[in-house]
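**Q** This is the structure alone, sequence omitted:
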């Protein structure tokens with residue numbers, strides 16, 4: 001591909017956030033270059049559960065969570081674990097995570113998360129219409145499952161919070177009620193919450209590629225290359241792409257877990273860490289998965305990807321460099337087999353990805369500290385696919401000098 005000498009905007013990162021942002025800008029008349037070192041959806045966006053989790057408004061850092069954390073962190077195969085070799089590296093992040101769980105900070109993050117979810121849900125419908133992508137959507141709802149009345153009662157505060165923020169749901173209190181939505185689950189799951197408006201995409205990697213194709217049809221350019229340096233100019237930015245300087249009026253940093261280094265080069269110290277997630281994608285089989293299944297107290301979900309079934313989730317705090325621990329994927333798969341007896345858990349393909357996460361569970365969607373020529377769009381944690389369309393519209397509004405539709409102060413890079 002022949003690069004132009006200059007662009008209106010360069011977007012670094014071709015995951016779901018970067019691709020959605022590039023598409024939104026190109027569709028609104030900007031000349032856009034999208035750059036990624038590996039290509040479209042080659043990292044975290046390829047292997048997620050495919051869920052648009054608009055009902056998940058509650059941040060991870062809830063009041064009292066640090067009382068539970070030691071038990072989780074000491075279990076290497078539990079829903080939340082910390083690799084001992086990474087403990088010193090992540091202590092500053094854990095301190096900020098603890099502060100984010102204080103009641104006042106938690107309430108502010110909850111409100112900001114709910115606002116972004118509501119906006120992103122409407123933005124996704126606009127994005128689907130823009131690219132004529134309805135055929136890639138699954139509107140089949142979600143079951144959040146509980147083992148017994150005690151576990152169910154402990155969840156009720158969370159459901160009340162969802163109700164306060166407009167999330168539609170139905171609480172189920174019998175195995176028979178659950179089986180009407182999803183047959184074949186173990187009878188240990190006696191209670192559930194059903195969110196009928198929950199959506200999934202047929203395949204997150206295919207969806208990201210579909211959006212990238214639309215971006216190129218609108219006239220956007222894609223370059224698979226390394227970005228080595230970024231320099232601020234008086235009237236724009238200069239980006240070194242495979243040792244060639246390319247100029248643009250503006251820049252978007254949407255490189256997921258790798259955004260921290262780019263932000264630092266621009267003068268911003270960002271407490272961005274990685275929640276390493278594991279999954280296994282099983283071949284197509286006879287078991288009919290009718291809805292997205294969330295086993296929240298075990299830290300994993302089961303979803304349909306294409307005609308296959310994906311079992312994945314959990315959180316491992318371990319950075320970008322430690323080797324994967326695929327025993328975590330195996331543990332999730334064994335649990336899934338126990339919970340869904342008809343599931344054939346053989347012959348699957350394992351995967352691990354790096355969720356880019358901020359301590360307060362909110363993304364960074366803001367101008368860089370030192371310039372309005374650069375906009376950051378990263379740190380979405382588990383919610384990158386969910387919030388991508390909304391983030392893209394906010395990025396476009398910031399770059400075009402418009403007042404964002406929602407208050408973006410809670411997502412500022414300066415908040416820490």
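**A** Cool, got the structure. It should be emphasised that the depicted structure is a prediction, and the values quoted were computed from it without experimental measurement.
**Q** Let me know the pLDDT of residue 79.
**A** At residue 79 the predicted local distance difference test score is 73.
**Q** Let me fix that, I meant to ask about residue 6.
**A** For residue 6, the predicted pLDDT is 77.
**Q** surely it meets residue 247?
**A** Yes: checked against Cβ atoms under 8 Å, the pair residue 6 and residue 247 is within contact range at 4.4 Å. (Each C-beta comes from the backbone N, C-alpha and C, glycine too.)
**Q** which residues does residue 8 contact?
**A** Contacts here follow Cβ atoms under 8 Å, 6 or more residues apart in numbering; on that basis residue 8 touches 25, 30, 31, 32, 248, 249, 250.
**Q** one more time with 6 Å
**A** Residues counted as contacts of residue 8 (Cβ atoms under 6 Å, 6 or more residues apart in numbering) are 30, 31, 249.
**Q** Of these, which belong to strands?
**A** Mapping the contacts of residue 8 onto strands (DSSP state E) picks out residue 249.
**Q** For residue 121, state which of the contacts of residue 8 is nearest.
**A** Each of the contacts of residue 8 was scored against residue 121 by Cβ to Cβ, and residue 30 proved nearest at 24.7 Å.
**Q** tally of neighbours for the closest one?
**A** In terms of burial, residue 30 registers 22 neighbours under the definition other Cβ atoms under 10 Å.
**Q** swap in the one 5 residues further on?
**A** Residue 35 is surrounded by 24 other residues when neighbours are defined as other Cβ under 10 Å.
**Q** Check the one 4 residues further on too.
**A** For residue 39, the number of neighbouring residues by other Cβ under 10 Å comes to 13.
**Q** Within the helices and strands, which one has it?
**A** Counting by DSSP states H and E, no helix or strand carries residue 39.
**Q** phi, psi of it?
**A** With angles defined as degrees, to the nearest 10, residue 39 shows backbone torsions of phi 120, psi -170.
**Q** Could you do the one 3 residues further on as well?
**A** Geometry field for residue 42 lists phi and psi as phi -90, psi 0, criterion degrees, to the nearest 10.
**Q** Which stretches in the stretch 251-400 of the chain count as helices?
**A** 259-265, 327-339, 384-399 (DSSP state H, counting those that start in this stretch).
**Q** winner for burial among the ones you listed?
**A** Looking across these with neighbours counted as mean count of other Cβ atoms under 10 Å, the highest average goes to helix 384-399: a mean of 26.
**Q** tell me the mean pLDDT over that one?
**A** The pLDDT scores in helix 384-399 average 98.
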